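> have a look; sequence and predicted model below, questions after that.
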Amino acid sequence: MAAAIATATVKNQWVDRVYDVIATLAISASPATYTTGGIALNLNQASIKASRTPDVVQVSGQSGYIYNYVKGTDNSNGLLKIFVQDATATNPLAELGNGTAIPAGVSGDVITATITYKGME
């Protein structure tokens with residue numbers, strides 16, 4: 001089975017003191033699988049006019065899963081970690097397991113990312 005990926009679609013962007021981008025994220029559906037540490041999130045796109053590593057990425061969804069961006073060495077190789085509520089009191093949030101099929105609640109989620117860069121380089 002292929003590893004899942006997340007794809008960003010830019011909805012808005014502006015430059016003030018920093019370069020901000022608002023995007024929606026789409027995640028591959030099952031049978032794509034989750035990879036421990038996060039699935040690939042390539043922000044190196046023509047619609048995003050920055051190539052450096054983003055300073056801040058805030059990701060939120062509506063289906064109850066928690067998303068966390070992990071910086072890469074540049075704009076093209078970041079990761080998106082996905083957490084789910086766990087029934088155990090000792091581990092209230094657990095990362096999806098390696099090789100787990102992407103749940104429908106993740107691939108069908110409405111996910112928004114706010115991405116902030118120091119500039120447009």
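Arrived safely, thanks for sending.
> how much space between the residue nearest the centre of the chain and Trp14?
By Cα atoms, centre = their mean, the chain has its centre lying nearest to Leu80, at 3.9 Å. For Leu80, the distance to Trp14 equals 23 Å [Cβ to Cβ, to the nearest Å]. C-betas here are computed from N, CA, C, even on glycine.
> could you do Ser51 as well?
18 Å.
> can you check Met1 too?
39 Å.
> surely the residue nearest to the centre of the chain and Gly38 touch.
Yes - Leu80 lies in contact with Gly38 (Cβ atoms under 8 Å); the separation is 5.2 Å.
> related to what we said a few turns ago, have a look at Ser51 and Trp14 and say which one is more surrounded.
Between Ser51 and Trp14, Ser51 has the larger neighbour count (other Cβ atoms under 10 Å), namely 13 against 9.
> quick check: which element contains that one?
In this assignment (DSSP states H and E), Ser51 forms part of neither any helix nor any strand.
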